[in-house]
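S.K.: Just a sequence and a predicted model for now, questions to come.
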Amino acid sequence: MFDFGFGYSEMFVVAVVAIIVIGPKDLPKVLRALGKTVAKMRGMAREFQGHLDQALKETGFEDVKKELDNIKNPSNFIDTSMAKKATEDASKKQVADYEKLFGDAPAADAPKASTDTPAAAS
């Protein structure tokens, strides 16, 4: 239930100590005051967060935040159709470069060794 390492046994010990130290008569008043204080702290934190968000919007850092979110989630960042096209273009360029250097098209799987190389002639 609680995510900060404070289990039921610890809560029971704190409740027993609070009843003993504060007393059952003043305990509701103390708990009410504690609840109000926590509510004020949450409100102040919410207000502070709102001011930070507003400042980010005014300074243009929201675009930077969106870009960082895109980097965290690469599926939104990379356009797969563009990546596929770039890969195809790169492979076509490699084939063209090979043909330009060696004069013939490479095999589909791997380039074949030529028989007119100096190593084969010896």
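M.R.: Received, thanks. Numbering: from 1, shown residues only.
S.K.: Would you tell me which helix is longest in the protein?
M.R.: Across the chain, the helix with the greatest residue count (assigned by DSSP state H) is helix 27-59.
S.K.: Return the backbone torsion pair for the residue most central in space within the chain.
M.R.: Residue closest to the average C-alpha location in the chain (CA atoms, centre = their mean): residue 72, at 3.3 Å. Main-chain torsions, residue 72, degrees, to the nearest 10: phi -70, psi -30.
S.K.: any idea how far it is from residue 60?
M.R.: Relative to residue 60, residue 72 is positioned 20 Å away (CB to CB, to the nearest Å). Bear in mind the C-beta positions are built from the backbone N, C-alpha and C, glycine included.
S.K.: For residue 20, which three-state class applies?
M.R.: helix (DSSP: H, G, I helix; E, B strand; the rest coil).
S.K.: how's this protein carved up into domains?
M.R.: Following automatic domain parsing, one finds the domains of the chain at 1-72, 79-106.
S.K.: which stretch in these is the model least sure about?
M.R.: Note on these: lowest mean pLDDT is at domain 79-106, with a mean of 77.
S.K.: tell me which residues in that domain are buried?
M.R.: For domain 79-106, a neighbour-count test (16 or more other CB atoms under 10 Å) marks nothing as buried.
S.K.: next one: stretch 13-31
M.R.: Buried, per 16+ other CB under 10 Å, within stretch 13-31: nothing.
S.K.: first to last residue in it, what's the distance?
M.R.: Counting by CA to CA, to the nearest Å, you get 16 Å between the two ends of stretch 13-31.
S.K.: can you give me the offset of that stretch from its chain's centre?
M.R.: Centre-to-centre, stretch 13-31 and its host chain are 44 Å apart (CA atoms, centre = their mean, to the nearest Å).
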